[in-house]
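Novice: make a model of this:
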Amino acid sequence: MASSLDEQILRAAKEIVVKFIETGRVSPSAFPDTFKSIYATLEETVKKPAGGAEEKEAAGPEKASS
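Specialist: Residues are numbered from 1 along each chain as shown. All right, here's what the predicted structure looks like:
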């Protein structure tokens, strides 16, 4: 059985893809690939370990592009 967090991620991904289809940014035929990509991004963002930003800062500042 899916956890509450998984269900929330699933619902959010669906809503985002539906909005993209309604606004014409995504065609219905592209739904499977677009949904997988959005779901994976949401899941990675929500489930990443706490302190992810702190770990980046500890690694050192990023080089500024010229």
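
Novice: for residue 19, which three-state class applies?
Specialist: At residue 19, secondary structure determined by DSSP: H, G, I helix; E, B strand; the rest coil is helix.

Novice: tell me how many other residues surround it.
Specialist: 11 (other CB atoms under 10 Å). Yep, even glycine has a C-beta here, placed from its N, CA and C like the rest.

Novice: ok, now residue 41?
Specialist: 13.

Novice: give me the element it is part of.
Specialist: Using DSSP states H and E, residue 41 falls within helix 31-47.

Novice: correct me, but residue 34 touches residue 17?
Specialist: Yes: at 5.6 Å, residue 34 and residue 17 qualify as touching, with contact defined as CB atoms under 8 Å.

Novice: overlap in contacts of the two?
Specialist: Shared contacts of residue 34 and residue 17, defined by CB atoms under 8 Å, 6 or more residues apart in numbering, are found at residue 26.

Novice: the two: which is more packed in?
Specialist: Neighbours per residue (other CB under 10 Å) separate residue 34 from residue 17, with residue 17 holding more: 22 against 19.
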